[in-house]
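Engineer: Let me see the structure of the following:
(2 chains)
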Amino acid sequence: MWPMPARIDEAIWGDRFDAWTTLWLIDHLAQQISALSFSAQTTEIIYPIGYNLWSFGHMALQAMGGAMVALGVPLVVSYNLLLLLGVWTSALAAHALGRELTGSHLAGGVAGLVFATTPYLYAEAGAGCIELVAAGLLPAHALSLVRLMRAPSWRRMWWATAALAIIGPFNWYYTLFAGMFALCFVVWQIIEAGPAQLKSPRGDTQRRGITLVLLSLVAAAVLNAPLISEARRETPTRPSISAELFSAERVFDEVRSVTNGTMPLDEVSADVLSRVDAMQVHFNSTSLKSLLEPKFESNPLYSTPGAFAFTIGLFGLFLAGRRALPWATICLVTTVLTLGPFLNVSGALLLPAASSEWPLPYFWAHEYLPFFSKAYRPYRIAVLSMMCLSVIGAIGAAAWIRSRRLPPFQPPVLLLGLMAFSQPHWSGDKPAARPMASTAVDSAYTALSKLEPGAVIELPLHYQPVSLANAKTQFYQTTHGHPMLNSNQLIRWPDLLRFKQYINSNSVLKTFVNLSRKAPPHVIETADLQDLSAQGFRWIIAHRLVEADQAELSGEMAHADLLDATAWRFLDAALGEPVIDSGAVVIWDAARAVTTPEQIQEDGTSITDIPLIFDPVSTGFPLVLHPGQSTQIYEGSAAALQAWLQPISPDAAISLRIEDSGIVREVPLELVAGHWQYNAQETGTSSPLKLSLVGRGEHVSTVHITLASVSQ
Amino acid sequence: MIQTRLLVAAVVAGTWFLVLAPYSADRIHKATLEGPAPFSVQNVRDGLAETEDTGTDSAKQQIHDFLAQLSTLELAEEERVMAMWLLLDPEDLTRARTAVPQLPPLKYAVDPRFFEPITPSIIRRVIEVYGYSESPLATATSRTRPADLDTRGQLMILLSAVHHKLLREDDAAKLLSAAIALLDLQMERRTVEAELERFMADSSTN
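Structural biologist: Residues are numbered from 1 along each chain as shown, chains lettered A, B, ... in the order given. The predicted structure follows:
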């Protein structure tokens, strides 16, 4: 994970919305620990509706981070330490399991390095799901079962119970997976002993072992019973799944418009959201192609145990022979389960119609096994395959170590370790090369933290974490400390429907939702603005500088964060002068907002869009200008030009040339590397003019430009 | 014995990971790219020519109108392609043609925003190599395409000429202008084709 340790206090390895949400959760729990005041319900996000922290489905690891922060460890450091801790505890637990099965530290080492260096773990780390990286509790639980079967005792039964019960608060997915493994383990023990031996006095130990394993499952279930209703918050009632649903283009488009936040909130209903939930099962299933080329993928949805783990498993199987067969069988079963309910050969987003004829085991388990629908992300079952492969590798390594005909095992294990841990640097997508995400926060948020209490609304308001910039707003709360309406946690349908109901009660909030991609007119009732103030809202935030998202290179999401000229004019009209303007962040005080007239409307009639061929959304073409080269973009009358610009080349510099009645002026446009910068440049004339963009860099200037317009 | 098993494991792993799995994954990838058979305007033309049942007289008239519109657009596109073609002298055309295999993969190979990938690739590459500068390009003086090339082949050679910087800067500005015009025509043709496809689907449903 280098260079993360070198930047442990300023950047994180992981930039999806989960990472920023996790940082927020650690900080929030740290505050509760410091104050010794614990409550699952909070109004710090989705204010004033509130949110139940159990809906996260995982809190124990974050609580450990919270304790670190409460003890004075910086927030970002504690997040990164938890990530490293997750990887190393996974390795140590797999090592312990391998050692228990083989009696060799060296063989256990093979298990540890196979388990902790899989693409699955790195992809989840890259996504910021640190609770999934901390997968060590699974081999720890398997270890407790193996020890219990070898020498059954009540003491070991309680260890197995504790190992299973403790997984729940860390991660409910893994509780289910551990239970699945335990059942496979019991079936294996019954088959291995055979009914005759189990009935005979010789089978006493096995009978007692199996009974105690089953008892440990029941005891863990009883211990976790009070939490089951809370766990259901994370995974509310799951809808039925079908191949027809996964093959329907209309449903796919509908689901996509919800997840990218373009579906009008009014149209988001329980029915639509049930289809969104159902489609998650398909989207989160591994394809046959991914299994055939088990690469190091950045996207966790395509991740697998990886070529290294499969190769070591294969070698282990050949070297260990029959001893590894039960583990290989469990590995095969769990790998088939990762394929999801229907076979998706190529990984196509829409399931080919032919697939519907061949439901896979996952389909029957999802439909008919209690609690199984909790595992609605099938690809994650790969963690069990990884565990089995690492054990097979350990058993094979032990066979090598015992053999007198093969050379010493130390050099191969060193080589394997080097190869395994260096994989992210050379294999597949080479995820180690991904830039780390800076955790720097604009000074405006520090200034906001010193202002009077009051809830925050970040604009544009989205009901899904549609972009990096949008997802980070929840993290910014760790600096400003005010409750906020925005949240990344509206991904679960009960919360989203409550949010929708609340938004629809106020014209201001309705207008704020998706303001960046909404066509004018923007209309609000000033009474609703006052109503928001009465409810405790105070600070309204918009951004002139927006961190560019790599995902935006596909084009369609680029506008999610960028407010156009009409939206800015509307905000100025409704909210008056900002109280903080750092250049990048603008903050208004709702208490100072206008009270008359009764209605404020901005229809954008005096603003004319400039359609440009070089636009990242419509064409994806960049604007490239050599030093001194210019291109005219507008001719007519204009009081100001507005546009969002993002530099692509490192030393890009662009000027706006204004030609008016024989007078030519040039004004440099603001560009910030890695960001979209809003430029609003007044022309200073009412005469007809020509506007051109001029390259003013020392070298070629490449920029993206979008939402260009002129206002009169 | 264990050495044999180690050897067998190496052979199986090598065969699987180095040969069978990549081959199968590649087959799957290629099959995915093929996709379903697209709607073909030529099929509609053939259907009309063979007096296939395409509905009522008014429906036939509407199809004729669509086809006439498409023909006009195709002719206009061909004219723009020829205008760009004539910007290059025969020597540069030969050099560009020879260098076509050295072109990188097309940037817009699977971009749903565009009708075909070469024209947007030409525009992007002109902008990247020469900077953004447009200048009008006059109507083509000749419409005679080389006998061994179709429009796609001509566009690939033009892309090669841009990529290998065989154009003068003022000609690049003209080429950019013509390529943008060509892209507009293609987008218009895509809209008309989509309308025709919808019309044919509605006609067959009714």
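
Engineer: In terms of pLDDT, where does residue 169 sit?
Structural biologist: The chain I'm using is chain A. A:Pro169 carries a pLDDT value of 89.

Engineer: meant chain B actually
Structural biologist: On pLDDT, B:Glu169 comes in at 92.

Engineer: In contact with it, which residues?
Structural biologist: B:Tyr130, B:Ser133 (CB atoms under 8 Å, 6 or more residues apart in numbering or on different chains). Where C-beta positions appear, they are placed from N, C-alpha and C, glycine not excepted.

Engineer: what about the closest residue to A:Ser686 other than its chain neighbours, neighbour count?
Structural biologist: Closest residue to A:Ser686 apart from its sequence neighbours, by CB to CB, 6 or more residues apart in numbering or on different chains: A:Ser637 at 6.5 Å. Counted with other CB atoms under 10 Å in any protein chain shown, the neighbours of A:Ser637 add up to 15.

Engineer: wait, isn't A:Phe372 in contact with A:His366?
Structural biologist: Yes: counting by CB atoms under 8 Å, A:Phe372 touches A:His366, with 5.7 Å between them.

Engineer: Relative to chain B, how far out is the closest residue to A:Ala440 other than its chain neighbours?
Structural biologist: Of all residues not flanking A:Ala440 in the chain, A:Glu10 sits nearest, at 7.2 Å (CB to CB, 6+ apart). Between A:Glu10 and chain B the computed distance is 34 Å (CB to the nearest CB, to the nearest Å).

Engineer: Spit out the contact partners of A:Glu10.
Structural biologist: The contact partners of A:Glu10, by CB under 8 Å, 6+ apart, come to A:Val76, A:Ser438, A:Thr439, A:Ala440.

Engineer: rerun that using 7 Å as the cut-off
Structural biologist: Contacts for A:Glu10 (CB atoms under 7 Å, 6 or more residues apart in numbering or on different chains) come out as A:Val76, A:Ser438, A:Thr439.

Engineer: picking that back up, comparing A:Phe372 and A:His366, which shows the higher neighbour count?
Structural biologist: In terms of neighbours (other CB under 10 Å), A:His366 is the more surrounded of A:Phe372 and A:His366; the figures are 23 against 18.

Engineer: That one touches A:Lys374, doesn't it?
Structural biologist: No: in this structure A:His366 lies outside contact range of A:Lys374 using CB atoms under 7 Å: 9.7 Å.

Engineer: by contact count, what packs against the helix or strand where A:Gly126 lies?
Structural biologist: Assigned by DSSP states H and E, A:Gly126 belongs to helix A:119-127. Packed against helix A:119-127 by the contact rule (3 or more CB pairs under 7 Å, 6 or more residues apart in numbering or on different chains; DSSP states H and E) you find helix A:75-102, helix A:130-133, helix A:382-402.

Engineer: what about the second one, distance to the chain center?
Structural biologist: Right, helix A:130-133. 11 Å (CA atoms, centre = their mean, to the nearest Å).

Engineer: Contacts for that helix, please.
Structural biologist: A:Thr22, A:His58, A:Leu61, A:Leu82, A:Leu83, A:Gly86, A:Val87, A:Leu121, A:Glu124, A:Ala125, A:Phe170, A:Asn171.
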